[in-house]
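Visitor: What shape does this take:
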Amino acid sequence: MPHLTGDVTHRAMLASINYIDVLKSASAIELAVLVVLAVASAWSWALILMKSLQLRKARRESVSFLDTFWKASRLDAIYQAAQQLEGSPLSRVFRAGYEELSKLAQHKGGAEGAMSEKLGGIENVERALNRAASAEITTLEGNVSFLGTVGSTAPFIGLFGTVMGILGAFNEIAEKGNATIATVAAPIGNALLATAAGLFAAIPAVVAYNSFVARIKVFDSEMSNFGHDFLNIVKRHFFK
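Guide: Residues are numbered from 1 along each chain as shown. Presented below is the predicted three-dimensional model:
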């Protein structure tokens, strides 16, 4: 029975917390910390949503592109299909390689067999593929570092707000000369809200950051493998 009574009392205390009063009684530093964390959290969630949609579209269109690439028999047909798959990093890498290959073919009047006479022809195609892959990785990684920054710094920002709040509470207690539980609990509880806000901002950011980095690494590996496959095809058919 005492244990049950304690649980009821604890729930009643939680339910009685008035966060508006907590904010009103917070110091300027605590309010500034809470505002910074609120902005960081809101921006993190917006980035998480946008990046999730971007990577999901990239995955869906990349699967479609690879299916087209391995089933088609002509590069120009693949190129036309790739133009419709703007969200796929693989399709843009292919287009970069194909466009460089087309330039080399035009330089030699379209004679595919004579293309091997152009010094560095295959190296030009390879460089085009590598540049495109690097550009795609940069695009995929855009704003992901912000999530890592929020995940690593938000707890410390919240802790800073808590420490400053506790210092202010102790200074107030020292001035009043009254250190009962009633006078200590409220200001310290208010100060701990900053730590909770820091964790609230950091945890989703860290989880999303790790997930996005892992998914981008998969795209990086796929683009590298695709580049090698495309170069092998080009060597067999255009640089004999």
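Visitor: what comes into contact with stretch 211-221?
Guide: Under the criterion CB atoms under 8 Å, 6 or more residues apart in numbering, residues 51, 55, 58-59, 62, 89, 133, 136-137, 140-141, 144, 147 lie in contact with stretch 211-221. From N, CA and C alone the C-beta is placed, and that goes for glycine too.
Visitor: Now for the protein, the helix or strand with the poorest mean pLDDT.
Guide: helix 2-15 (a mean of 47; mean pLDDT, DSSP states H and E).
Visitor: Output the contacts of stretch 211-221 in TSV; the columns should cover distance to E126 and neighbour count.
Guide: Listed next are the contacts of stretch 211-221 as TSV, based on distance: CB to CB, whole Å; neighbours: other CB atoms under 10 Å:
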residue	distance to E126	neighbour count
K51	30	22
L55	27	18
A58	23	23
R59	25	17
S62	21	21
P89	17	26
A133	11	23
E136	16	22
I137	17	16
L140	21	21
E141	23	15
V144	27	18
L147	33	26
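Visitor: Can you tell me which of those residues end up in strands?
Guide: Judged by DSSP state E, the subset of the contacts of stretch 211-221 located in strands is empty.
Visitor: export the residues you listed to JSON lines and tack on pLDDT and distance to I203?
Guide: Formatted as JSON lines, those follow (pLDDT from 0 to 100; distance: CB to CB, whole Å):
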{"residue": "K51", "pLDDT": "96", "distance to I203": "17"}
{"residue": "L55", "pLDDT": "95", "distance to I203": "20"}
{"residue": "A58", "pLDDT": "95", "distance to I203": "26"}
{"residue": "R59", "pLDDT": "95", "distance to I203": "25"}
{"residue": "S62", "pLDDT": "95", "distance to I203": "30"}
{"residue": "P89", "pLDDT": "95", "distance to I203": "29"}
{"residue": "A133", "pLDDT": "95", "distance to I203": "32"}
{"residue": "E136", "pLDDT": "94", "distance to I203": "29"}
{"residue": "I137", "pLDDT": "95", "distance to I203": "26"}
{"residue": "L140", "pLDDT": "94", "distance to I203": "23"}
{"residue": "E141", "pLDDT": "93", "distance to I203": "21"}
{"residue": "V144", "pLDDT": "95", "distance to I203": "17"}
{"residue": "L147", "pLDDT": "95", "distance to I203": "11"}
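Visitor: Tabulate those (a markdown table), appending distance to F160.
Guide: Listed next are the contacts of stretch 211-221 as a markdown table, based on distance: CB to CB, whole Å:
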| residue | distance to F160 |
| --- | --- |
| K51 | 28 |
| L55 | 33 |
| A58 | 38 |
| R59 | 39 |
| S62 | 43 |
| P89 | 40 |
| A133 | 41 |
| E136 | 38 |
| I137 | 35 |
| L140 | 33 |
| E141 | 29 |
| V144 | 25 |
| L147 | 20 |
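Visitor: Looking at those residues, spot the one nearest L31.
Guide: Checking the contacts of stretch 211-221 against L31 by CB to CB gives L147 as the nearest, at 24.7 Å.
Visitor: what's near enough to touch the closest residue to the closest one other than its chain neighbours?
Guide: Nearest non-adjacent residue to L147, counting by CB to CB, 6 or more residues apart in numbering: Y209, 4.1 Å away. Shown in contact with Y209 (CB under 8 Å, 6+ apart): V144, L147, G148, G151.
Visitor: Do you know the pLDDT at the third one?
Guide: Reading off the per-residue confidence, G148 sits at a pLDDT of 95.
Visitor: Give me the longest helix you can find in the protein.
Guide: In the chain, assigned by DSSP state H, the helix with the most residues is helix 181-238.
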